[in-house]
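> 3D model of this:
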Amino acid sequence: MINHTTYFVFFFESVAIFMTVFFFIQYSIIKRKEHLNYAIYLLCLSVYYILAVPEVLFKVDISNAKILDAYNLFKRPVQFLSSVFYTTFIIYYLGLKTKSAFLFRFFRSLNVLYVAASLGCFLCNLFDLPYDNVYYIFSLLLFPLQVYVLFTLFRHKVPYSNYIIWGSIIIVVTSSLTLIYSIYLLKYDQGDLYANAKSYFPVQVGIMMDMFLFTIALQKKIADNEKALINAAFARQQAVLLERERIIADLHDDVGGGLSSIRMMSDLMVQKSNSSVDNSFASFGQKISATAKEIAQRMHTIIWSLNAENDTLENFSEYVRQYGVSFFENTGITFKYNAVDLPGGKQLGGVLRKNLFLIIKESFHNIIKHSDANTVTVTIATNKNVLAIEVIDNGKNKQNDQEPVAGSGNGLKNMKKRMSEIGGSIHFSTVNGMAIYLEVGIA
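From the prediction side, this is the model:
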């Protein structure tokens, strides 16, 4: 018949193994060493209590010294080994290597002590050397050392150390209760076959409380780290936005003002040279004015692409329409524009907007130079998460039937390069004029 002691032992082992698997899974996902060390610590505890109460789990007669020796061979070594991984867990969990050099050295020294104790116990068990008195004295000496650990952690105020302090207090208190309870059971309840297993009840309850506490602590640290990453990402985003605004202001104030001055002076040069015999100044002034106008337009495009307020599909569509109307004004070419069912609030980043616009701009220049067209139609539409743009003219096809070659020599190459940079595709048609088809995915 299974009594309450057996139930409790199986319950404790089940919880310990479950939490071991849980923290191993956590480690496999987020690769944090504190999860790995805590998982190994719990595994060592599970093994230790299996070895400590074989009379419950394996129905072993603990009065038989030979049978019991097989379990005792590893019992105390595993106990100290669990302390090694628990101490390593503390080092990684609190980040002592970077936050407290003193505590880092102190806990590493503790680990050396625990490893030596584990190895010493194993060798003494292996060669059947008596060392019980040394073991008990060493265990008693560990008590003030644990108290000193708590005091040191409290004094240094390392972040998250309060969880370690409370967990250690629980273990120290329940370990003391286990010692007192074991003395009581051995003295007053010697006939109970499960007295040995019952003596571990207080510390096992403390360990389960410790598991629960550190599960909360580790999850809180993960949440805090994620919050810190989100805040850092937001701060970087704000810094980028501020830098974009600064660049926009600098371009507008410094470069824009200089270009306006150049245009004014070149216009004056043209006006004065018109009244003179030598018209070379007029031609030179017109070139300066045209160049300044082109640079100003390019600067405006850069400012427009940098401004986060323009990161929408509606703004891009309107910008293309306004540019087309302005570009083909006084050219004899009719500009037509269609925006088909564009969704509101759709985001379109600066890099994407800039590349798409420069491709459209290049196609407009090619139409003026090479097409002899009298109508240009631009259509912008979306199909789910795909943005489609068409630029079609009715000019005379001066290109081959397969793929047009831009008059600038590098125009077509630049178009393809820009679409490749934004992960889109570009296609051409030379039937009844020139048609350029652009497609790119948008979020």
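> quick one: D192 is in a helix?
No. According to DSSP: H, G, I helix; E, B strand; the rest coil, the state of D192 is coil, so it is not within a helix.
> Tell me who's in contact with it.
Residues near D192 by Cβ atoms under 8 Å, 6 or more residues apart in numbering: 185, 198. (Each C-beta comes from the backbone N, C-alpha and C, glycine too.)
> Going forward, the N-terminal residue is numbered 87.
With the count now opening at 87, the last piece we talked about shows up as D278.
> pLDDT score assigned to it?
Per-residue pLDDT puts D278 at 73.
> thought N518 was touching D479?
No. At 9.6 Å, N518 and D479 do not qualify as touching, with contact defined as Cβ atoms under 8 Å.
> Pick out whichever of the two has more residues nearby.
Neighbours were counted for N518 and for D479 using other Cβ atoms under 10 Å; D479 has more, 26 against 11.
> which non-adjacent residue is nearest that one?
A459 (3.8 Å; Cβ to Cβ, 6 or more residues apart in numbering).
> Return the distance of the helix or strand that contains A203 from the chain's centre.
Element membership for A203 (DSSP states H and E) is helix 187-212. On the basis of Cα atoms, centre = their mean, to the nearest Å, helix 187-212 sits 36 Å off its chain's mean C-alpha point.
> List the buried residues of that helix.
189-190, 192-193, 196-197, 199-200, 203-204, 206-208, 210-211 (16 or more other Cβ atoms under 10 Å).
> and the angle for whichever helix or strand comes after it with helix 187-212?
Where DSSP H and E defines the elements, the next helix or strand beyond helix 187-212 is helix 218-242. Orientation check (axes from the mean of the first three to the mean of the last three Cα atoms, to 10 degrees): helix 218-242 against helix 187-212 gives 170 degrees.
> If you count neighbours, what's buried in stretch 246-253?
Buried residues in stretch 246-253, defined by neighbour count with 16+ other Cβ under 10 Å: 247, 249-250, 252-253.
> Walking through the stretch 337-486 of the chain, point out its helices one by one.
342-360, 366-392, 399-413, 436-452 (DSSP state H, counting those that start in this stretch).
> Comparing those helices, which comes out most buried?
helix 436-452 (a mean of 20; mean count of other Cβ atoms under 10 Å).
> tell me what that helix is packed against?
Contacts defined by 3 or more Cβ pairs under 8 Å, 6 or more residues apart in numbering; DSSP states H and E place helix 436-452 against helix 366-392, helix 399-413, strand 472-479, helix 497-507, strand 520-527.
> And the contacts of that helix?
330, 387-388, 390-394, 396-397, 402, 405-406, 409-410, 413-414, 462, 464, 473, 475, 477, 492-494, 497, 500-501, 504-505, 507-508, 512, 520, 522, 524, 526, 528.
> May I see the ChimeraX selection of the buried members of those?
A single ChimeraX command selects the buried members of those (16+ other Cβ under 10 Å):
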select :330,387,388,390,391,392,393,396,397,402,405,406,409,410,413,414,462,464,473,475,477,492,497,500,501,504,505,508,512,520,522,524,526,528
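> Give the other helices and strands that the longest helix belonging to the chain contacts.
The longest helix of the chain (DSSP state H) is helix 287-336. Using 3+ Cβ pairs under 8 Å, 6+ apart as the contact test, the elements touching helix 287-336 are helix 90-116, helix 119-138, helix 151-180, helix 247-274, helix 366-392.
> Could you tell me the phi and psi values at K117?
Dihedral pair for K117: phi 60, psi 40, per degrees, to the nearest 10.
> need the contact list for it.
Per Cβ under 8 Å, 6+ apart, neighbours of K117: none.
> ok, and the closest non-adjacent residue to V164?
Using Cβ to Cβ, 6+ apart and skipping residues adjacent in sequence, the residue nearest V164 is Y134, 4.7 Å away.
> give the contact list for the one you found.
By Cβ under 8 Å, 6+ apart, the residues touching Y134 are 161, 164-165, 168.
> what's the distance between it and L304?
Y134 is 22 Å from L304, where distance means Cβ to Cβ, to the nearest Å.
> re the thing from before, I'd like the contacts of Y134 laid out as a markdown table, including neighbour count and distance to I257.
Formatted as a markdown table, those follow (neighbours: other Cβ atoms under 10 Å; distance: Cβ to Cβ, whole Å):
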| residue | neighbour count | distance to I257 |
| --- | --- | --- |
| K161 | 19 | 18 |
| V164 | 22 | 16 |
| Q165 | 22 | 13 |
| S168 | 21 | 11 |
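> Any chance of TSV for those residues, columns pLDDT and distance to G181?
Listed next are the contacts of Y134 as TSV, based on pLDDT from 0 to 100; distance: Cβ to Cβ, whole Å:
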residue	pLDDT	distance to G181
K161	92	33
V164	95	28
Q165	92	27
S168	94	22
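> Between those residues, which sits nearest A309?
The closest of these to A309 turns out to be S168 (Cβ to Cβ; 27.4 Å).
> What separation do you get for the nearest residue to that closest one once chain neighbours are set aside and S225?
Residue nearest to S168 in three dimensions, not counting chain neighbours: C130, with 3.5 Å by Cβ to Cβ, 6+ apart. Distance from C130 to S225, counting by Cβ to Cβ: 17 Å.
> okay, these two: which has more neighbours?
C130 (23 against 14).
> For burial, what's the neighbour tally of K313?
10.
> actually L129, sorry about that
21.
> Surely it touches M105?
No. L129 lies out of contact with M105 (Cβ under 8 Å); the separation is 9.6 Å.
> what would the helices of the stretch 337-486 of the chain look like in JSON lines with mean pLDDT?
JSON lines is the format used below for those (pLDDT from 0 to 100):
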{"stretch": "helix 342-360", "mean pLDDT": "67"}
{"stretch": "helix 366-392", "mean pLDDT": "71"}
{"stretch": "helix 399-413", "mean pLDDT": "91"}
{"stretch": "helix 436-452", "mean pLDDT": "88"}
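> out of the ones you listed, nearest to Y93?
Between the helices of the stretch 337-486 of the chain, helix 436-452 lies closest to Y93; by Cβ to Cβ that is 64.2 Å.
> for the closest one, the distance to its chain's centre please.
Centroid separation between helix 436-452 and its chain, computed with Cα atoms, centre = their mean, is 33 Å.
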